[in-house]
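*Asks:* I'll drop the sequence and a predicted model, then ask my questions.
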Amino acid sequence: MLKEQEITNTIKSKINTTEDFFINTLSSANNRAAVGWFCTYTPEELITAGGFIPVRILGRKKIIKSESYFPINFCPYIKSSWESLLANTGNFKALIFTNSCDGMRRFFDIASRYLDNIPSYLLDVPHLKSKDSVDFFASNISDMKIFIEKLNGKKINEEEIENAVKLINKKRRVLKEYSRIFSKLSHLIYISTYYKVMELSMVSEPGIFIDDLEKYLKFIGEVSTENEISSQSNYKDSPAIMIIGNFIAEEKLWEMLSTMNFKLASDDLCISNRYFEKQVEPDNNTDLLESIAERYLNKPQCMRMADMGSKLAEIENNIVKNNIRGVIFISLKFCDNMLYSFPLLKQKLNEMGVPVLYLEIECNNFSEGQLKTRVQAFLEML
Amino acid sequence: MGIKNRLKTGIQKNLNQKYIKRLLGIIATKPVLYAYGSTFPTISDKYLNIFTIESLKKAYSDNSHPVGYGSLFLPYEMFHALGITPFLPEVMAGFTAGLGLAPQTLKEASSNWYSQDLCTFHRSASGASELDVFPRPDFIITTNLACDAAQKSFYIHSVKYDIEKNFYLIDVPYRYSKESIRYLTAQIKNICMDICSKTGKKFDISMFKEVIDLSNEFRKWAIEVSILRKTLANYPPYYNGLNFILPFHGLAGTREAVILYKQIYKELKKYSSKEKKENSNKNKQVKRILWLHLKPYYRNEIFDILDRENCRVVFEEINHVYWPELDYEKPFESLAKKMLSHFLAGSIDNRINVILKAASDYRADGAILFSHWGCRQSNGGARIIKDSLKKLNIPTLVLDGDCVDQNNSSQGQVKTRLQGFIEILNSEPK
C-alpha cells in the first residue's frame, strides 16, 4: 500500500512539473511579433492568420501606477493589465480590446490615449445571439481583419484564415481532451497545474503549444495506465465542486485550492471552458468570417451577454451532469456583469438544493488565510 | 408640516404598492394636484411635478394600459407610439433617495445578494422591486447604451415578474456606421412589431408620426433652452438642470415635454432680460461650473455651498441635446440614430467632444464630475476628462459620492473638497 502511494506521489510530482513538458511552449512567443488580447470573444484565428502570435494579457503586475488612471473601485484585472503594459509592452505590435463591459471600453480609451507607439483596436461584440447579431459581428470581425492587415501591410487571404481556423480548432480540441483527463485524474493533476496549462495555451504560439500538450497528455495516459491508477480512487469521499467566475488567474488561489479535499468536477471561467468549448464549423455555404462569428457568439457565454436565462440553464446542466454538490462563486471585485448574475444564480442554486460559497478577490492581493478558512468551512458543511 | 413632508413621511411609514396607489389616487385628482402644484415656486417646477405624478398614476393604475419598464437611455418615443406607459426604475431610485426610502430599498437589495459594490440606482430599484413597491410591468425594455448595469438588473426584474419573454435588450453597437444603423433599426422595428402582436394592436404609423412630431418640438425647445443658458450668468434660485431627467428621457415624444421645455425657456428668458437690465458687477465675479454626470438626490449641501461661494452650474452634460431631428418617414431608423448619437455610447472621445464644446460654449471656469459610486462607465473616464479639460486650463474636481445612498457619501469630505476646489477657482486668473 505504502509502495503504491510512493509510486503515485512520484508520478504526481512528474505530472505537476509542467516546465519539463512545455519547454518549447514557454519560449514560443519570445522575440516574435505578437498581438495582445484580453477577452475570450477575441477571434484568435484572425491574429494567427495575420502572422502574429495571439498573446493574452494576464495582468500579473502589482497595481501601483495604474491607480492614477482608474478609479479605486474598478476591475482589478484591467488595472493589473494596464500596469503590465505601462511597465513593458514587449513584442506586442498591437492590442485588441473588445467592448465586453464598461471597464474594457474605458481601458481601450486609456490605452489608445496614453500608450504610445502601439496601436489599439476595439472589436464590437454584440450582446445578442440572433442571426442579425452574427451577421453584424462578422462585419465587425472583417473590420478587425483590416486593422491586422495594416499592421504588417499584408492582406490576409482566405487560405490563411482557413488554416488558422484549423489550428485554433485543434487547440480547443486538445484543451477539451486535457480538461476531460483532468476530471478523470484530478487526484493526479493539481488544480494549479490544470489552470497553469490553460494559461499557457493563451500566451503561446498555438502550434508549438499543441505539440507540447499532446506529448504531455500522452505521458499522463501512459503512466496512469502502466501503474493502473484508477480514476477516482482518492476522491470517493470528496465532494464534487464547480467553480464559477470571471477572469480568475490567481496562481496562489489555485495552489491553495489544490491542497484542499474536494474534486473540481466542473468550471465556468474565462480561462477555461469559455475559452476552449465549441469549434468553428466552416461550411461551404457560409462565409468563413460568419462561421467564426457564429462560434464566438454561441460558445459558453460570459455573464455580459443578454440572455441570462440560457446561461443559467448552461450552469444547471453542468451541475446535474457532473453531480455537483457545491458551487464556489469567485468574482474579481467590481465586475458588474458577474455581480449582477449572482442574485439569480443563488436563486437557481437554492431551488436545486446546491449550496454556494461567494468569494470576491483582487489581483495579486488576497488574504490566503481568510479564504482558506472560508473554503474549508464550506467543504465541511457539504 | 407641509404637504411635501407629509407625503414623504407617509410613504416612509407605508412602503407598499397599495399605499402608493392610494396616495396617487388622491394626489392625482385635479383639485389636489393643482393645490399641490401651487406649492412650487415656478410654473415649470409645478409642471414637472404634475407631469411626473400623472405619469406615475398611469403606471400604477391597474391594467388600463400596458406598463413598460425602461432604462434611462431608451428612445421613449417608441413607448408613447405603442401606447405603453413608461416606468423608469432608475429614475424611481432617485425618488427613493429624495423620499428617504433608500435605506429600506438598499437593505432589501443586500438581503437579496446584490453586492454593495454595484450602482445604487440599480440596487435601490431592485430593492424596491423586491419589496413590491413598483407596479407590475407587462414589458421590460432596456439597453446596454452607457452602462452594463441596466441590462442585468432589468433582466432580474423580468424573472421576478415571470415575463422573460417580454424582456427586450436593445443592443447598441459601439460605432456609428451604416452597419450599426441597420443592426439597431432592425432591433427596434422587431421589438415594436413583437409588442404589437402581444398587445393585439395593429402597428399604427400615424401614432409614430404624431409622437415624432412632438419629440422634434420638444427637442427644438430643449435646444432653445441650451442656447439661452449660454448667455446667463445667474439663475433663478430654484433652478437645477439636474432635476429634468424624467422629462428629458421618459417624456420625449409627449405634449408634456413640449409644454415643460417651452415654459423653462420662457422663465429663463424673463430672467435673462432682468439680468441684462440690472447688468450688475456681481455677475462678473460668478464662477461658472460645468456639471458632469448626475447629482445626489437626497438632501445635501453641494448646491448651497456653490451658491454661497458665488459659483453657478451653467450647464450639465446630461442636458446636452445629442440627437438629430427625427424623421417620421423613417421612425425606426431615426430612433436608432438617436441612440447611436448618444455621447455616452462608444468611445470616451464622444463624451469628451461634448464636454469640451460645452466648456467653451458656456465659458466654464471649472468642471465638477460627480463620481457616483459604482458607475464604471463614467468614473472610468475621469482621468481622460480631467486631462482634456486641463489642456483648456479648466480645472476639474472629481467629487466622490453616491447619488442615492447618503451613507456612502461623506458630507464633511464633500464640503472640504468643494471648498478646496473653489479656492483653486478663485485663485485662477480670469
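*Replies:* In hand now; what should we look at? Computed from a predicted model, the values in this text were never measured in an experiment.
*Asks:* for the residue of the stretch 201-350 of chain B found nearest chain A, which non-adjacent residue is closest in space?
*Replies:* Proximity of the stretch 201-350 of chain B to chain A (Cβ to the nearest Cβ) peaks at B:Ile348, 4.0 Å away. The way it works is simple: take the backbone N, C-alpha and C, and place the C-beta from them, glycine included. The spatially closest residue to B:Ile348, leaving aside those adjacent along the chain, is A:Asp109, at 4.0 Å (Cβ to Cβ, 6 or more residues apart in numbering or on different chains).
*Asks:* the residue of the stretch 201-350 of chain B closest to chain A contacts B:Ile384, correct?
*Replies:* Yes. Distance between B:Ile348 and B:Ile384: 5.3 Å, which falls inside the contact criterion (Cβ atoms under 8 Å).
*Asks:* which neighbours do these two have in common?
*Replies:* Common neighbours of B:Ile348 and B:Ile384, counting by Cβ atoms under 8 Å, 6 or more residues apart in numbering or on different chains, are A:Asp109.
*Asks:* returning to what we had before: measure the residue of the stretch 201-350 of chain B closest to chain A to A:Ile110 for me?
*Replies:* As judged by Cβ to Cβ, to the nearest Å, B:Ile348 and A:Ile110 stand 9 Å apart.
*Asks:* so for these two, which residues contact both of them?
*Replies:* Here B:Ile348 and A:Ile110 have B:Ile384 as joint contacts, going by Cβ under 8 Å, 6+ apart.
*Asks:* point out where chain B drops to low pLDDT.
*Replies:* Low-confidence regions of chain B, defined here as pLDDT under 70, cover residues B:1, B:63, B:279-284, B:429-430.
*Asks:* thinking again about what came up before, which one of B:Ile348 and A:Ile110 is surrounded by more residues?
*Replies:* A count of neighbours by other Cβ atoms under 10 Å in any protein chain shown puts B:Ile348 above the other of B:Ile348 and A:Ile110, at 26 against 21.
*Asks:* distance of the more buried one relative to A:Arg105?
*Replies:* Counting by Cβ to Cβ, the separation of B:Ile348 from A:Arg105 is 8 Å.
*Asks:* A:Phe52 now?
*Replies:* Noted for A:Phe52: a distance of 24 Å to A:Arg105, by Cβ to Cβ.
*Asks:* which residue is nearest the centroid of chain B?
*Replies:* The residue at the geometric middle of chain B, judged as the C-alpha nearest the mean C-alpha position with Cα atoms, centre = their mean, is B:Ile245 (2.4 Å).
*Asks:* OK, contacts around that one?
*Replies:* Taking Cβ under 8 Å, 6+ apart as the definition of contact, the neighbours of B:Ile245 are B:72, B:91, B:94, B:294, B:318.
*Asks:* contacts for stretch A:285-292?
*Replies:* Here stretch A:285-292 makes contact (Cβ under 8 Å, 6+ apart) with A:43, A:45-46, A:134-135, A:138, A:141-142, A:145, A:158, A:161-162, A:165, A:280-283, A:294.
*Asks:* any idea which residue of the stretch 1-150 of chain A lies closest to chain B?
*Replies:* With Cβ to the nearest Cβ as the measure, A:Arg106 is the residue of the stretch 1-150 of chain A nearest to chain B, at 3.0 Å.
*Asks:* grab the nearest non-local neighbour of that residue.
*Replies:* Taking Cβ to Cβ, 6+ apart, and ignoring the residues beside it in sequence, A:Arg106 has B:Gly380 as its nearest neighbour in space, at 3.0 Å.
*Asks:* dihedrals phi and psi, that neighbour?
*Replies:* Dihedral angles phi and psi of B:Gly380 (degrees, to the nearest 10) take the values phi -60, psi -20.
*Asks:* I'd say B:Thr105 and B:Gly127 touch.
*Replies:* Yes. In this structure, B:Thr105 is within contact of B:Gly127 by Cβ under 8 Å, at 3.4 Å.
*Asks:* so which of the contacts of stretch A:285-292 are in helices?
*Replies:* Using DSSP state H, the members of the contacts of stretch A:285-292 that fall within helices are A:45-46, A:134-135, A:138, A:141-142, A:145, A:158, A:161-162, A:165, A:294.
*Asks:* mind putting those residues into JSON lines with neighbour count and pLDDT?
*Replies:* Rendered in JSON lines, the data for these read as follows (neighbours: other Cβ atoms under 10 Å in any protein chain shown; pLDDT from 0 to 100):
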{"residue": "A:Glu45", "neighbour count": "29", "pLDDT": "98"}
{"residue": "A:Leu46", "neighbour count": "28", "pLDDT": "98"}
{"residue": "A:Val134", "neighbour count": "22", "pLDDT": "98"}
{"residue": "A:Asp135", "neighbour count": "20", "pLDDT": "98"}
{"residue": "A:Ala138", "neighbour count": "21", "pLDDT": "98"}
{"residue": "A:Ile141", "neighbour count": "22", "pLDDT": "98"}
{"residue": "A:Ser142", "neighbour count": "15", "pLDDT": "98"}
{"residue": "A:Lys145", "neighbour count": "20", "pLDDT": "98"}
{"residue": "A:Glu158", "neighbour count": "11", "pLDDT": "96"}
{"residue": "A:Ile161", "neighbour count": "23", "pLDDT": "98"}
{"residue": "A:Glu162", "neighbour count": "14", "pLDDT": "97"}
{"residue": "A:Val165", "neighbour count": "24", "pLDDT": "98"}
{"residue": "A:Glu294", "neighbour count": "22", "pLDDT": "98"}
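*Asks:* can you narrow the residues you listed to ones near chain B?
*Replies:* Among these, the residues that sit close to chain B (Cβ under 8 Å from any Cβ of the partner chain) are A:Asp135.
*Asks:* for the ones in helices among the contacts of stretch A:285-292, work out which two are farthest apart.
*Replies:* For these, the maximum inter-member distance is 20.4 Å, found between A:Asp135 and A:Glu162 (Cβ to Cβ).
*Asks:* now the residue of the stretch 151-300 of chain A at minimum distance from chain B. Its backbone dihedrals?
*Replies:* The nearest approach of the stretch 151-300 of chain A to chain B comes at A:Leu297, 11.3 Å away (Cβ to the nearest Cβ). A:Leu297 has phi and psi values of phi -80, psi -20 when expressed as degrees, to the nearest 10.
*Asks:* residues near it, how many?
*Replies:* Using other Cβ under 10 Å, A:Leu297 has 21 other residues around it.
*Asks:* OK, contacts around residue 381?
*Replies:* Going with chain A. If you count contacts by Cβ under 8 Å, 6+ apart, then A:Met381 has A:Pro355 around it.
*Asks:* other chain: chain B
*Replies:* B:Gly381 is in contact with A:106, A:109, B:348, B:351-352, counting by Cβ under 8 Å, 6+ apart.
*Asks:* could you look up the SS state of the residue nearest the centre of chain A?
*Replies:* What sits nearest the mean C-alpha location of chain A, by Cα atoms, centre = their mean, is A:Ile271, with 1.2 Å. Under the three-state scheme (DSSP: H, G, I helix; E, B strand; the rest coil), the conformation of A:Ile271 reads as coil.
*Asks:* wait, it sits on A:Asn246?
*Replies:* No. A:Ile271 sits out of contact with A:Asn246 when judged by Cβ under 8 Å, with a separation of 9.4 Å.
*Asks:* mind pulling up the pLDDT for A:Gln232?
*Replies:* Per-residue pLDDT puts A:Gln232 at 50.
*Asks:* what's the burial count for the residue in the stretch 201-350 of chain A that chain B sits nearest to?
*Replies:* The shortest separation between the stretch 201-350 of chain A and chain B is 3.4 Å, found at A:Tyr340 (distances taken as Cβ to the nearest Cβ). By other Cβ under 10 Å, 29 other residues sit near A:Tyr340.
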